[in-house]
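K.L.:
Test case, fold it:
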Amino acid sequence: MPELELREFGTTRSFFLPTATHYCIFKVTDESEFLVIVSLFQAGSSILNRKLKQLMASRLNLALGLSLLLLAPALLAQVPQLINYQGRVAVGATNFDGSGSFKFALVDAAGGATYWSNDGTSAAGSQPTAAVALTVTKGLYSVQLGDTTLPNMTAIPATVFANPDVRLRVWFDDGTANGSQLLTPDQRLAAVGYAMVAGGLAPGVTIPASAVATPPPGMALIPAGAFTMGDSVDGLGNATPTVTTVSAFYMDVNEVTLSQWQSVYYWALENGYTDLPAGSGKGPDHPVQTVSWYACVKWCNARSEQAGKTPVYYTDDAQTAIYKTGNVNVTNAQVKWTANGYRLPTEAEWEKAARGGLSGQRFPWGDTINQNLANYNGNTGNFSYDEGPDGYNAIGSVGGTTPATSPVGSFAANGYGLYDMAGNVFEWCWDRYGSPYAGGTDPRGTSAGSIRVIRGGGWFLNANYCRSAFRNFGNPGNANNFSGFRAVLAPGQ
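P.N.:
Here you go, the predicted model:
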């Protein structure tokens, strides 16, 4: 990667690659600190470079964070936008397969104002005239909205995201007498800017390529900062809203799959981890399940050692005896929090990650849920925010419903690029369960008791369990077909 150079143009500062094929825009916030929106595009095609978008210059002590940021209108107008969107479509109860015609519009929350449409003809939330042809496989399709290389696709002006609440409205035509049908509900877009706070930088500074890091493969950066942890919507008694601050960390984009589990498991058996279970899963790309909290913690240590990293969990306060066997109720004092190895997320880390940059919403995308968004057991009669359909999810039901897990990444990611943060399988967290929340900075749960927090809902449970604030717990020795996990890493790895 070439070096990045910081330049100044009036009150706007920009990083430029020497090749000038990418750039990022700086907005000055005070004398010594810059709030930097990293808007990295390839020249000509303007396709977002997702890897460079999450730059972290650790040697210059840059703290990379994510926040909703608005550029001045004159500057916004110069930056075209693209949205990578994955959706699901069914005809009746059957996932559609084949070529379909889609129409897209970006609208306001009420659906009465159009900010953009694929052919530029939509007004007041109406259906565009021309359609975009896309291939749908087992109900899933993906599209890059604003990619003008696609027929009937216009560019998205960056001014769209000066609006506080942007929703995607989609119409679908399967080529039959059904005609073009509106898919509901409109999907809220997490217009989350990628930002970093840089202290003490001056024009002319060059950041060497060796100082620039991208997230580890298969992981996403979750930014440092404060957020409101807890339930602001339904009054959950054990989830009183609490301002909580977490440090930056990386998180697995997907739940750990059976294939990933077993790739570490076989190594672990030959390296002192004598009682790790083989794990269960509906398929290699489905989440591993039937793994206890104890097993997940030991597996994280094995994954760390296999990768040449320092394990996080120990069986003594001196942190010399690596936790490899048995059912040990590891304490906070026996966790090497500064190690560069893999570990379970704390409950606070998990909830911040699940929210994807949103605040005060029931789910990672908004206040309602349907089975196009997550794998859960629909029950529309009991929950007003559940738009169904009722019963097990169609994708999860493929191959049987014991369990009805779905392949990881079957649904759209949240604002941080994480999949399945609601539904599919519950996810173990580090913390012992306690109420109320500890709050504060980097809370790690109570030291009392032995039951551990488990979050996110699952394939056989109703929508209420999938809420971002919903707290559940389990005996750390429990292993069942609706519980799995994902791991995190400290930043800069």
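K.L.:
residue contacts, the most centrally placed residue in the chain?
P.N.:
Nearest residue to the geometric centre of the chain (C-alpha atoms, centre = their mean): Leu418, 2.1 Å. Shown in contact with Leu418 (C-beta atoms under 8 Å, 6 or more residues apart in numbering): 220, 251, 253, 353-354, 356, 364. In this view, the C-beta of every residue, glycine as well, is placed from N, C-alpha and C.
K.L.:
can you tell me which of the residues you listed are in helices?
P.N.:
Of the positions in the contacts of Leu418, 353-354 sit in helices, assigned by DSSP state H.
K.L.:
Now flag whichever of the contacts of Leu418 is closest to Asp316.
P.N.:
The closest of the contacts of Leu418 to Asp316 turns out to be Met251 (C-beta to C-beta; 27.9 Å).
K.L.:
what residue ranges in the stretch 151-300 of the chain score low on pLDDT?
P.N.:
By pLDDT under 70, the low-scoring segments of the stretch 151-300 of the chain are 189-213.
K.L.:
Tell me where it has helices.
P.N.:
Assigned by DSSP state H, counting those that start in this stretch, the stretch 151-300 of the chain shows helices spanning 258-269, 293-306.
K.L.:
quick one, the shortest one and helix 293-306 angle?
P.N.:
This means helix 258-269. Angle, helix 258-269 to helix 293-306, by axes from the mean of the first three to the mean of the last three C-alpha atoms, to 10 degrees: 70 degrees.
K.L.:
So which bits of helix 258-269 are buried?
P.N.:
For helix 258-269, the neighbour count (16 or more other C-beta atoms under 10 Å) marks 258, 260-261, 264-265, 268 as buried.
K.L.:
about what we covered before: who wins on neighbours among the contacts of Leu418?
P.N.:
Within those, neighbour counts (other C-beta atoms under 10 Å) peak at Pro364, which reaches 30 neighbours.
K.L.:
related to what we said a few turns ago, how about the helices of the stretch 151-300 of the chain in a markdown table, adding distance to Pro157?
P.N.:
Below are these laid out as a markdown table (distance: least, C-beta to C-beta, whole Å):
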| stretch | distance to Pro157 |
| --- | --- |
| helix 258-269 | 40 |
| helix 293-306 | 44 |
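K.L.:
Between these, which one is closest to Arg455.
P.N.:
helix 293-306 (12.3 Å).
K.L.:
okay, that closest one in PDB with CA atoms only?
P.N.:
Backbone C-alpha positions of helix 293-306 (Å, rounded to 0.1, in the frame of the first residue of the first chain) are rendered in PDB as follows:
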ATOM      1  CA  TRP A 293     -19.600 -21.400  27.600                       C
ATOM      2  CA  TYR A 294     -16.600 -23.400  29.000                       C
ATOM      3  CA  ALA A 295     -16.000 -24.900  25.600                       C
ATOM      4  CA  CYS A 296     -16.200 -21.500  23.800                       C
ATOM      5  CA  VAL A 297     -13.700 -19.900  26.200                       C
ATOM      6  CA  LYS A 298     -11.200 -22.800  25.700                       C
ATOM      7  CA  TRP A 299     -11.700 -22.700  22.000                       C
ATOM      8  CA  CYS A 300     -10.800 -19.000  21.900                       C
ATOM      9  CA  ASN A 301      -7.600 -19.800  23.700                       C
ATOM     10  CA  ALA A 302      -6.800 -22.600  21.200                       C
ATOM     11  CA  ARG A 303      -7.600 -20.300  18.300                       C
ATOM     12  CA  SER A 304      -5.200 -17.700  19.800                       C
ATOM     13  CA  GLU A 305      -2.400 -20.300  20.200                       C
ATOM     14  CA  GLN A 306      -3.000 -21.700  16.700                       C
END
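K.L.:
Which secondary structure elements does that helix sit against?
P.N.:
Contact analysis of helix 293-306 by 3 or more C-beta pairs under 8 Å, 6 or more residues apart in numbering; DSSP states H and E lists helix 258-269 as its packing neighbours.
K.L.:
Just the CA atoms of the helix it packs on, as PDB, please.
P.N.:
Provided in PDB are the C-alpha atoms of helix 258-269 (Å, rounded to 0.1, in the frame of the first residue of the first chain):
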ATOM      1  CA  LEU A 258     -19.000 -25.500  12.300                       C
ATOM      2  CA  SER A 259     -16.200 -25.500   9.800                       C
ATOM      3  CA  GLN A 260     -14.300 -22.800  11.600                       C
ATOM      4  CA  TRP A 261     -14.800 -24.500  15.000                       C
ATOM      5  CA  GLN A 262     -13.500 -27.800  13.700                       C
ATOM      6  CA  SER A 263     -10.400 -26.200  12.000                       C
ATOM      7  CA  VAL A 264      -9.400 -25.100  15.500                       C
ATOM      8  CA  TYR A 265     -10.700 -28.200  17.300                       C
ATOM      9  CA  TYR A 266      -8.500 -30.700  15.500                       C
ATOM     10  CA  TRP A 267      -5.400 -28.600  16.200                       C
ATOM     11  CA  ALA A 268      -6.400 -28.200  19.800                       C
ATOM     12  CA  LEU A 269      -6.700 -31.900  20.400                       C
END
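K.L.:
Next, the nearest residue to Val91 once chain neighbours are set aside: phi, psi?
P.N.:
Spatial nearest neighbour of Val91, chain neighbours left out: Asp174 (5.5 Å); criterion: C-beta to C-beta, 6 or more residues apart in numbering. Phi and psi for Asp174, reported as degrees, to the nearest 10, are phi -90, psi 10.
K.L.:
what's Asp174 in contact with, if anything?
P.N.:
Here Asp174 is in contact with 91, 96, 98, 100 (C-beta under 8 Å, 6+ apart).
K.L.:
change it to 10 Å
P.N.:
Asp174 is in contact with 89-91, 96, 98-101, 136, 180-181, counting by C-beta atoms under 10 Å, 6 or more residues apart in numbering.
K.L.:
now, which of the buried residues of helix 258-269 sits nearest Tyr342?
P.N.:
The nearest one, if we look at the buried residues of helix 258-269 relative to Tyr342 and count by C-beta to C-beta, is Val264, at 9.5 Å.
K.L.:
pretty sure the closest one is touching Val291, no?
P.N.:
No - using C-beta atoms under 10 Å, Val264 is not in contact with Val291; the gap is 11.6 Å.
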